[in-house]
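> below is the structure, and that's it, no one-letter string:
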């Protein structure tokens, strides 16, 4: 952890994740060594002719309070995860702008995540929809969002109330609470229920028009699927829907009144076959073979050996990466790859877009 403090300091000084990759690659040394030996020569190699920016970094470096940073991270029990760590989320490894470092309070859940998207001001009808969907889906998925006033706050509160996991992805650093009325919610997630708080922004970084869209993109990448509850023709929800489609994420939408401006885009997504129509939670659960009536109707095919049967039984519970099955079944990677390839050719299983194997 001591060396990671220097990584957090470098992130605060450099700010740019792409430049951090270059900086670490240039020195091929510990974060502490890079920090201690930070100089104009090193910075020129990653910033080229931007002399003013280099000088700004060096000026901030001279007065940077490393001890204050360390005390803050230790006090808040923040885990600093670099791209090269084993627990770095696989979903973020293939995105265009890969974060080099992530700050996490508690643990990123292994379950699948879903993102509920809606307008800030919604009717009592949609309030009931959110309540029902959150309760039905939470036992199977994590609700991932940020705590925008009212709407996102309600989703997180429903998750906490029903003792299910929730993930908050922030557009600031982890300890900056915005909006301020969410302080009670922050305390519940951070200190009582101990669910996950996550940020890719450096310590003491406030929210801005720059961090807002980046945060949305991170949530979209971490989400396995997204449900659009309500969206006008020109709204942030529309941007999110477009982002989900670009990322090949499963998109669901709930229809409402044909001539209501707040339903214009959700209805259009369904009309254009860009989102699956949802009228009840069962529509989503069936999509992932989680609806009870289907779950128990899965027929177990005949297998050539016990290992194939064990792989199939494990995949009935949830999808797995090949490496995860190696650890779970205590066998070699060569053997598991052979069996997975065979079962895939037989049409028994398939590999999803996250590289995980699942029952077909």
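Received it, and whenever you're ready, just let me know what you need. Remember, predicted model here, so these are calculated numbers, not experimental data. Numbering: from 1, shown residues only.
> off-centre distance for stretch 22-35?
27 Å (CA atoms, centre = their mean, to the nearest Å).
> got the contact list for it?
With CB atoms under 8 Å, 6 or more residues apart in numbering as the test, stretch 22-35 has contacts from 2-4, 6-7, 9-10, 14, 37, 42, 45-46, 100. Placement of C-beta: from N, CA and C, glycine included.
> how about 10 Å then?
Defining contact as CB atoms under 10 Å, 6 or more residues apart in numbering, one finds that stretch 22-35 is touched by 2-11, 13-14, 16, 20, 36-38, 41-43, 45-47, 61, 64, 66, 80, 82-84, 100-101.
> just stretch 350-360 next, same as before
By CB under 10 Å, 6+ apart, stretch 350-360 touches 90-91, 93-94, 112, 224, 247-250, 288-289, 298, 311-312, 314-325, 336, 340-341, 343-344, 346-349.
> could you rerun that using 8 Å?
Stretch 350-360 has contacts (CB under 8 Å, 6+ apart) with 90-91, 224, 248, 289, 298, 312, 315-316, 319-322, 325, 340, 344, 347-349.
> show the buried residues in the residues you listed.
Among the contacts of stretch 350-360, those buried by neighbour count (16 or more other CB atoms under 10 Å) are 91, 224, 312, 315, 319, 320, 322, 325, 340, 348, 349.
> was I right about the first one contacting residue 218?
This points to residue 91. No - the pair residue 91 / residue 218 is not scored as a contact, 9.3 Å apart, by CB atoms under 8 Å.
> now intersect the buried ones among the contacts of stretch 350-360 with the strands, please.
Of the positions in these, residue 349 sit in strands, assigned by DSSP state E.
> rebuild the buried ones among the contacts of stretch 350-360 as a markdown table, extending it with distance to residue 272 and pLDDT.
Below are these laid out as a markdown table (distance: CB to CB, whole Å; pLDDT from 0 to 100):
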| residue | distance to residue 272 | pLDDT |
| --- | --- | --- |
| 91 | 26 | 81 |
| 224 | 22 | 80 |
| 312 | 37 | 86 |
| 315 | 33 | 85 |
| 319 | 29 | 86 |
| 320 | 34 | 88 |
| 322 | 36 | 90 |
| 325 | 38 | 91 |
| 340 | 36 | 91 |
| 348 | 34 | 84 |
| 349 | 31 | 87 |
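> which one of the buried ones among the contacts of stretch 350-360 sits closest to residue 135?
residue 224 (18.9 Å; CB to CB).
> wait, isn't the closest one in contact with residue 140?
No - taking CB under 8 Å as the definition, residue 224 is not a contact partner of residue 140, at 10.7 Å.
> using the three-state scheme, assign the residue located most distally from the centre of the chain.
Ranked by distance from the centre of the chain (CA atoms, centre = their mean), the top residue is residue 304, with 38.1 Å. Look at residue 304: counting by DSSP: H, G, I helix; E, B strand; the rest coil, its state is coil.
> for residue 108, same thing?
Under three-state DSSP, residue 108 comes out as coil.
> rewinding a little: mind checking which of the contacts of stretch 22-35 are buried?
By 16+ other CB under 10 Å, those give 4-11, 13-14, 16, 20, 38, 42-43, 46-47, 61, 64, 80, 82-83, 100-101 as buried.
> which members of those occur in helices, if any?
4-11, 13-14, 20, 42-43, 46-47, 61 (DSSP state H).
> show me the strands in the protein, by range?
Using DSSP E, the strands of the chain run over 78-82, 101-105, 113-117, 142-145, 166-169, 196-199, 225-228, 250-253, 276-277, 349-351, 357-359.
> go through these and find the least confident stretch.
In terms of mean pLDDT, the lowest-scoring of the strands of the chain is strand 113-117 (a mean of 67).
> show me the shaky parts of the stretch 1-150 of the chain.
The stretch 1-150 of the chain contains residues with pLDDT under 70 at 1-2, 25-28, 48, 110-112, 114-127, 147-150.
> so what's the backbone phi/psi at residue 77?
Main-chain torsions, residue 77, degrees, to the nearest 10: phi 60, psi 50.
> spatially nearest residue to it, not counting backbone neighbours?
residue 105 (6.5 Å; CB to CB, 6 or more residues apart in numbering).
> picking that back up, which of the strands of the chain sits closest to residue 212?
The nearest among the strands of the chain, by CB to CB, is strand 166-169 at 11.7 Å.
> counting contacts, what elements does that closest one pack onto?
Secondary-structure packing of strand 166-169 (3 or more CB pairs under 8 Å, 6 or more residues apart in numbering; DSSP states H and E): strand 142-145, helix 151-161, strand 196-199, helix 211-222.
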